[in-house]
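> Just need the structure, nothing else, for what follows:
(one chain, ligands or ions: 1)
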Amino acid sequence: LNLLIKNITIISPKDNLNGLFDVLIKDGLIEKIGYIDDIRDIEILDGKGLTLIPGFFDMHVHFREPGQTEKEDIQSGTLAAANGGFTGVLCMPNTIPPIDNTKVIEFINKKSENNLVDVYLSGTASVDRKGMKTSDLNNLFESGVLAITDDGSPVNAESILNDVFAFSEKSMLPFLQHAENYTISGNGSIHKGEIAEKLSLEGIPSESETATVKNDLEILKNYPDAKYHIQHISCGETISLVEEAKSKNFKVSCEVCPHHFILTDEIILKEGTNAKMNPPLRTNKDVELIIKGLKDDIIDVICTDHAPHTKSEKDKNLETAPFGITGLETCISLTYTYLVDKEYLSFEKMIEKLSDNPRKILNLQRVKITEGEKANFTILNLDSEYKIDVNKFKSKSRNTPFNNFKVKCKPYAVINNSQIYYSDL
Ligand SMILES: [Zn+2]
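Predicted coordinates for the structure are as follows:
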C-alpha cells in the first residue's frame, strides 16, 4: 500500500500526537508524518474532517468457523470487523469443534492468512469446553493462542481454575472468565427482575456473576502473578470486586460491551430476542455503576462480544432463542455517542480502552504511530451523524437491538497489513 493522507487529525496520546498532519505510507509502513509536499504518482486521501488513531482491537468475538458458518465465518467476520473500524480481534474458542487442539488452530490460521484484520485465537481451558478436564495448555500456548477461556461457558471447577491460574503465572497468558455459575443461573434467559416476572420467565440473578468472581478471586490469592480477566461485566457489584482486587495488586482486568453501558432489561419488551444475551441486560443502577467504572478506570477494555445468530434462530421465543448479539459494526459509534459525546469518557480514554489495553492484556505490542512502524490505523468521521442500518452490515447476521439508533462517529476506513478498507455503514 502506497498512500498519502493529507490534512488529517491524528490523535495518539502515547505518541504525543494531537493535531493536523500529513501521513505518507510506503509499502504499508509509515514513511513520514508532518507536512508533506504533493508527490507524483501516489494515491491521495483527503483527510479533511477525519480523525486517525491507532487501530482498534476487539478482544471478544465469535466468528463461528469451524462449525456454524451459516451465522458467520472468518471471511465475513473479518469484513464486519474492518467495516466497523477494527484492525485486530481475539476469537473465542466455542467453535465446533472448539479451539482445544492444534489442528483447529492451524485451520483457522490458514483461513485468516493475508487478511487486513489481525485474527488472534484463544484456546479452551477445558477439553471440549466441557468443564471436566483441563486442556493441554502447553500445547495451546505453543500453537500460538493468546488467552485461555471457555467463553460461552464459565469455568466453575476448582481444579481447572487452579490449573489455568498456575499456567498463567508461568506463561503470562491471561485467563478470561465468562463469569457465570450454572447452579445459580439455571435455565434463566433474561435478568431476574421485574421484566422477567412480567413475562413469566426464569431469571438470571446478578449473583450468578458476582458469586463466580468472588470465588475466583479467593482462588487467585494463591496465584499472585496470574492474569485474571473478567469478560463482559453486567453487574455494578462486580466493579467493586475488581476495584478491591486491583488495590491489592492482583493482576485483574475486565471488559464491558456497549449494550451493558447503554441498555437495561426493559428493551426486551420492544426488541425481544435481539436483546437476549448472556450475561443479560440488567438494571439502571447497573448501567450507572458500569459508566462510573469506566470513568474511574476500573474497567480496562471495551469489546463487543460479537455473537452472530441466524434470523430463524432469533425468531424463536425468549426462552429458546440463543443468547447473543452482533457488535462489530455498532461498537465504535455507540461508544463515542454514549460515552464520549456525553462526556463520561474522553476520546483519549476511548482509544486506550479500544486499542492499547486489550493488546496489553494479551501481551501484544501497542500500535505506535511513528515513522518506520507498520501503518495500523482506524480512521473515523467523528462529526458524522447517522442511523444504524443492519442492512449495511457485512456480518452474515443482523441480530442487534441497536437498529435505527441515531449515533455519531462513523467509521471511515481502516489500514493494516499493507491494505486499506473503506467502511460502508
Ligand atoms: Zn461469554
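> just the strands in the stretch 301-425 of the chain please.
In the stretch 301-425 of the chain, the strands defined using DSSP state E, counting those that start in this stretch lie at 301-302, 377-381, 386-387, 406-407, 410-416, 419-422.
> Point out the most buried one among those.
strand 301-302 (a mean of 26; mean count of other C-beta atoms under 10 Å). To be clear about C-beta, it is placed using only N, CA and C from the backbone, and glycine gets the same treatment.
> Just the closest residue of the stretch 51-200 of the chain to the ion, please.
Proximity of the stretch 51-200 of the chain to the ion (C-beta to the ion) peaks at H178, 3.6 Å away.
> residues near that residue, how many?
Residues lying near H178 (other C-beta atoms under 10 Å) number 22.
> what does the model give it for pLDDT?
Per-residue pLDDT puts H178 at 98.
> Return the nearest residue of the stretch 301-425 of the chain with respect to the ion.
D305 (6.2 Å).
> In contact with the most centrally placed residue in the chain, which residues are there?
With distances taken as C-alpha atoms, centre = their mean, C303 lies nearest the centre of the chain, 2.5 Å away. Contacts for C303 (C-beta atoms under 8 Å, 6 or more residues apart in numbering) come out as D58, M59, H60, H232, E255, V256, C257, G327, C331, P358.
> Serialize those to TSV and add fields for distance to the ion.
Formatted as TSV, the contacts of C303 follow (distance: C-beta to the ion, whole Å):
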residue	distance to the ion
D58	14
M59	12
H60	8
H232	6
E255	10
V256	12
C257	10
G327	12
C331	16
P358	16
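> These in helices, which ones?
C331, P358 (DSSP state H).
> ok so, going back, thought M59 was touching the residue of the stretch 301-425 of the chain closest to the ion, still the case?
No: applying C-beta atoms under 8 Å, one finds D305 not in contact with M59, separated by 9.9 Å.
> Look at I39 and report its pLDDT.
If you check I39, the pLDDT there is 85.
> Burial check on it, number of neighbours?
11.
> That one reaches L24, doesn't it?
Yes: with contact defined as C-beta under 8 Å, I39 and L24 form a contacting pair (7.4 Å).
> In this structure S397 contacts E313, no?
No: S397 lies out of contact with E313 (C-beta under 8 Å); the separation is 9.2 Å.
> Looking at the two, which is more packed in?
S397 (25 against 18).
> dump the residue contacts of that one.
K71, E72, P308, H309, T310, K311, T326.
> N357 too?
So N357 contacts S253, D300, V301 (C-beta under 8 Å, 6+ apart).
> Generate JSON lines for the contacts of C303, with pLDDT as supplementary columns.
Shown next, in JSON lines, are these (pLDDT from 0 to 100):
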{"residue": "D58", "pLDDT": "98"}
{"residue": "M59", "pLDDT": "98"}
{"residue": "H60", "pLDDT": "98"}
{"residue": "H232", "pLDDT": "98"}
{"residue": "E255", "pLDDT": "98"}
{"residue": "V256", "pLDDT": "98"}
{"residue": "C257", "pLDDT": "98"}
{"residue": "G327", "pLDDT": "98"}
{"residue": "C331", "pLDDT": "98"}
{"residue": "P358", "pLDDT": "98"}
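> from the contacts of C303, which is closest to N16?
Of all those, P358 has the smallest distance to N16: 21.6 Å, by C-beta to C-beta.
> Not counting residues beside it along the chain, what's closest to the closest one?
Leaving out its chain neighbours, the residue that sits closest to P358 by C-beta to C-beta, 6 or more residues apart in numbering is M59, at 4.0 Å.
> what sits against the one you found?
Applying C-beta under 8 Å, 6+ apart, the residues contacting M59 are V89, L90, A147, E255, V301, C303, P358, I361, L362.
> how does it look with 7 Å?
L90, E255, V301, C303, P358, I361, L362 (C-beta atoms under 7 Å, 6 or more residues apart in numbering).
> Repeat that for A375.
Contacts of A375 by C-beta under 7 Å, 6+ apart are I25, G28, L29, I30, I415.
> Could you check how far the third one is from D150?
Same thing as L29. L29 sits 39 Å away from D150, going by C-beta to C-beta, to the nearest Å.
> Then the first one?
From I25 over to D150 the distance is 40 Å, taken as C-beta to C-beta.
> Tell me which of these two has more neighbours.
Per other C-beta under 10 Å, whichever of I25 and D150 has more neighbours is D150, with 29 against 23.
> What pLDDT is listed against the more buried one?
98.
> and K26, how many neighbours?
For K26, the neighbour count with other C-beta under 10 Å is 16.
> Ok, T370 next?
Using other C-beta under 10 Å: T370 sits among 11 other residues.
> My guess is it contacts L17. True?
No: with contacts counted by C-beta atoms under 7 Å, T370 stays clear of L17, the gap being 8.8 Å.
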